[in-house]
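>>> here is the input, now give the coordinates:
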Amino acid sequence: MKLLVKTAQTLLSVQKASPPSGCRPFWGWLNAVFNKVDYERIKAVGPDQAASEWLLRCGAKVRFQGFDRWQHDYNGLPPGPIGRYKIQAIDATESCIMYRGFDHLDGLEHVEEMKLCKCIYIEDACLERLSKVEKLQESLLRMELVSCGNVTDRGLVALHHLRNLERLLLSDLPGVREKDKTVQMLRTALPNLNIELDLD
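Predicted structure coming up:
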């Protein structure tokens with residue numbers, strides 16, 4: 001009986017000492033697993049299908065060309081031959097997408113809109129990687145970056161590679177320290193870009 005009481009007390013003290021932080025590494029690990037790139041899968045089903053699976057697995061939504069409805073259910077992804085469904089828009093609001101999964105973006109040719117809102121894993125390296133995807137440099141027209149605390153001026157400056165970008169919404173980015181200089185650099189590089197700013 002004393003052993004049982006002592007074991008219970010030990011478990012309770014461990015539980016009180018670290019309630020939420022003990023779970024944090026598990027979720028980080030799980031999110032990293034969700035972001036793992038399966039290159040064989042990309043070959044098998046095509047880049048748009050594989051990217052859709054990645055995004056939905058991480059909690060994002062996609063909209064396909066020719067459709068008004070956002071696809072958010074992983075199990076509801078439409079079947080079809082390779083190349084039938086093309087991603088036109090990505091809404092990664094509150095998703096767990098991270099740099100590790102950004103190779104999924106390489107084959108996407110029709111993405112016109114991207115929302116990165118409240119994404120805790122989005123950082124400068126993600127924006128730099130995204131901006132180097134040649135097909136996105138051509139297709140991406142509208143982008144929103146909101147409440148991504150790991151994004152700094154360095155990540156925003158990388159967006160100048162998105163040469164056809166027409167609209168950029170920047171809001172609640174505490175890591176951006178030199179907003180005037182950064183915005184001026186973007187406006188100089190992309191004169192047709194309309195930047196909506198709320199960084200105070």
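
>>> from here on, just use CA atoms for contacts and neighbour counts.
OK.

>>> what ranges does the protein have for its strands?
Remark: strands assigned in the chain by DSSP state E are 61-64, 87-91, 113-117, 142-146, 167-171, 194-198.

>>> okay, those strands in TSV with mean neighbour count and distance to Pro47 next?
Output for the strands of the chain, formatted as TSV (neighbours: other CA atoms under 10 Å; distance: least, CA to CA, whole Å):
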stretch	mean neighbour count	distance to Pro47
strand 61-64	22	13
strand 87-91	22	9
strand 113-117	20	17
strand 142-146	20	21
strand 167-171	18	25
strand 194-198	14	30
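
>>> of these, which is nearest Val133?
Closest of the strands of the chain to Val133 is strand 113-117, at 13.7 Å (criterion: CA to CA).

>>> partner strands of the closest one, parallel or antiparallel?
Sheet pairing of strand 113-117 (DSSP bridges) gives strand 87-91 (parallel), strand 142-146 (parallel).

>>> and the ones you listed: which comes nearest Lys43?
Going by CA to CA, the one of the strands paired with strand 113-117 nearest Lys43 is strand 87-91, 16.6 Å.

>>> mean confidence for that closest one?
For strand 87-91, the mean per-residue pLDDT is 98.

>>> in the protein, which helix or strand is least confident?
helix 2-17 (a mean of 39; mean pLDDT, DSSP states H and E).

>>> that older thread, can you redo the strands paired with strand 113-117 as CSV with distance to Gly155?
Below are these laid out as CSV (distance: least, CA to CA, whole Å):
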stretch, distance to Gly155
strand 87-91, 19
strand 142-146, 11
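
>>> what's the closest of those strands to Lys132?
Taking the strands paired with strand 113-117 one by one with CA to CA, strand 142-146 is closest: 15.3 Å.

>>> re the thing from before, rank the strands of the chain by mean pLDDT and give me the bottom one.
Among those, strand 194-198 carries the lowest mean pLDDT (a mean of 93).

>>> buried set for stretch 35-42?
35-37, 42 (16 or more other CA atoms under 10 Å).

>>> what would those residues look like in CSV with distance to Met114 and pLDDT?
Converted to CSV, these look like this (distance: CA to CA, whole Å; pLDDT from 0 to 100):
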residue, distance to Met114, pLDDT
Asn35, 18, 87
Lys36, 21, 91
Val37, 20, 92
Ile42, 21, 94
